[in-house]
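Engineer: could you look at this predicted model? Sequence included:
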Amino acid sequence: MRAALSTLEVVRPSGLDRALAALHDSLASERLTPLAGGTDLFVYLNAGTHSGTRFLDVSALRELRGIRVTKASVKIGGGVTFREIREHADLNKRLPSLVAAAAEVGAWQIQNRATLAGNVANASPAGDSLPVLLAHDAIVHARSVRGARGIPFAELYRGYRDLALEADELIVGLEIPWPAPRAFSFFRKVGTRRAQSISKVVLSGVLEQDTRGVVTHARLAWGSVAPVTLRSRTAEAALIGQKPSAAVTESARRALLDDIAPIDDIRSEREYRVAVAGNVLEQMLRAADARFAKD
Amino acid sequence: MSDKIAVTFTVNGRSRRVSAPPMKRLLDVLREECGLTGTKEGCGEGECGACSLLLDGKSVNSCLVPVAHAAGRRVTTVEGLARGAKLNALQAAFVDMGGAQCGICTPGMLVTASELLARAKGRVPSDAEVRDALAGNLCRCTGYQKIVDAVQAAARVGVQASRAKTGGAKATRGAKRKRAAKPPTAHAKKMAARATTKRRVTARRAKSKHSARRLKSR
């Protein structure tokens, strides 16, 4: 049953410091749930599956806005929407995987409202942007009344929807180091339909090769194949130090089976997900070969 | 019980002030408090797009927007598209080309397509662009092709209208050269002068609206 929306309380702080103080103070009673674009939260409220009654509206906080490009990295404010990511010139040029993921989060109506930090905080194993952040070694910037800290994205999820954040910490932004100029990056989401679907399998990958064609850096980050977004480290190890070949691809596919743990659920089945994950990996490796061959 | 808050926003060009609980859905406020029932509720979870409206020109699912987020902003619903009894080009194209069937998805389709046409700025969007824009609007009559055709037809009308207004400023190069060879007719001069005045007025209005918004947000 839908939550009684008229009974919900919203705190609308005028600045980040006040927001953090309110979040901290709320721990004494009912913790405030941060609200940004509301595209996940209102789904839960409409379905009656969110039990909280107090919300911290961070949507107007200027401190969470903006995409800042530096020489080494890009800093994306927690309140940046997927629409803004889709339209950002530098991201289109240098982080096409993130742009591709942004373009597949729901559709325009969701992309116009949903924020990157919201996707991270919602912590769904099917979150579209999460494998990209993991594959690109993103840093999660969190703040609380005690100060700021950066958490490697790889350490963010301790378990299913269990974030390595204190209850009074707010995700204020994501920092992503720019991939090496010759790096190959890949994004593929497999869903029930091409648009507006929740994924069955997501892969974001990054590969680098040296001048001899030997793989020197490999990141394979997956969504919807385990309780958390994860890297398939055994499959990555099967690629590092190797020159691409059919045998290497096959060994990476086999290694992948040790890394992922998909389940049968409403959207798909384990067997299907395993087969598709292998196929998508193969597709990525072929695309990488074609790209590196051109260089 | 949470206190109601006063929210002032612009709906279809008219300023409205409502008193509502902050987390009440914008969809419900428009339907129940503003009497604007053109915006439909479908799935209530941001999947179907039936409740789409424009918030500051951007399409959103109003079943996922708290009314508090509309404060000081421009809301455009399907009721805001027509000028009085006259349908706009997009609505007319939907009617003419069979883009509207059972009608439940139509208001959402129209407002999201309006965002696309505004973004396209007088260009006819490709099939893929229209389908990307409308991916979040589900039509269970499955009449998508006619909807795509209608959006492109409306864009073509827009392109023709802007060519007429600007005296062919957006015409093809060849056509431009041809026209350049001839001195402009009195009618073309009149139309161009009208277009310039209109642009100035629009710019002035936009500027004053913008500063009003800035003042409000302080």
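Structural biologist: Nice, thanks for sending it over.

Engineer: B:R16: what's it in contact with?
Structural biologist: By CB atoms under 8 Å, 6 or more residues apart in numbering or on different chains, the contact list for B:R16 reads B:T8, B:F9, B:T10, B:C34. Just so you know, the C-beta spots here come from the backbone N, C-alpha and C atoms, and that holds for glycine as well.

Engineer: of those, just the buried ones, ChimeraX syntax please.
Structural biologist: In ChimeraX, a selection of the buried entries from the contacts of B:R16 looks like this (16 or more other CB atoms under 10 Å in any protein chain shown):
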select /B:9,10,34
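
Engineer: the contacts of B:R16: which ones sit near chain A?
Structural biologist: Restricting the contacts of B:R16 to those within reach of chain A (CB under 8 Å from any CB of the partner chain) leaves nothing.

Engineer: widest-spaced pair of the contacts of B:R16?
Structural biologist: Greatest spatial distance in the contacts of B:R16: B:T8 and B:C34, 12.5 Å, computed using CB to CB.

Engineer: still on that earlier bit, mind listing which of the contacts of B:R16 are in strands?
Structural biologist: Secondary structure assignment by DSSP state E places B:T8, B:F9, B:T10 of the contacts of B:R16 in strands.

Engineer: tell me the secondary structure at A:F187.
Structural biologist: Put simply, A:F187 is strand when judged by DSSP: H, G, I helix; E, B strand; the rest coil.

Engineer: quickly list what it is bridged to.
Structural biologist: A:F187 forms beta bridges with A:S204, as assigned by DSSP bridges.

Engineer: before we move on, the earlier item: dump the contacts of B:R16 to CSV, plus pLDDT.
Structural biologist: Formatted as CSV, the contacts of B:R16 follow (pLDDT from 0 to 100):
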residue, pLDDT
B:T8, 98
B:F9, 98
B:T10, 98
B:C34, 96
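
Engineer: out of the contacts of B:R16, which one sits closest to A:R143?
Structural biologist: Distance ranking of the contacts of B:R16 against A:R143, using CB to CB, places B:F9 first at 30.6 Å.

Engineer: and the contacts of B:R16 as JSON lines, adding distance to A:A22?
Structural biologist: Shown next, in JSON lines, are these (distance: CB to CB, whole Å):
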{"residue": "B:T8", "distance to A:A22": "24"}
{"residue": "B:F9", "distance to A:A22": "25"}
{"residue": "B:T10", "distance to A:A22": "29"}
{"residue": "B:C34", "distance to A:A22": "31"}
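
Engineer: find the closest residue to chain A in chain B.
Structural biologist: B:G136 (2.6 Å; CB to the nearest CB).

Engineer: does that residue touch A:N112 like I think?
Structural biologist: No. Using CB atoms under 8 Å, B:G136 makes no contact with A:N112, being 9.6 Å away.

Engineer: hey, where'd the strands end up in chain B?
Structural biologist: Counting by DSSP E, chain B has strands at residues B:5-11, B:14-20, B:52-55, B:58-61, B:74-76.

Engineer: that older thread, what sits in contact with each of B:G136 and A:N112?
Structural biologist: Jointly contacting B:G136 and A:N112 under the rule CB under 8 Å, 6+ apart are B:S59.

Engineer: what's the residue lying closest to B:G108 once chain neighbours are set aside in contact with, if anything?
Structural biologist: The spatial neighbour of B:G108 that comes closest, neighbours along the chain excluded (CB to CB, 6 or more residues apart in numbering or on different chains), is B:S52 at 3.6 Å. The contact partners of B:S52, by CB under 8 Å, 6+ apart, come to A:109, B:39, B:59-62, B:107-109, B:111-112, B:136-137.

Engineer: which positions within stretch A:250-268 qualify as buried?
Structural biologist: If you call a residue buried by 16+ other CB under 10 Å, then stretch A:250-268 has these buried ones: A:S251, A:A252, A:R253, A:A255, A:L256, A:D259, A:I260, A:P262, A:S268.

Engineer: thank you, goodbye.
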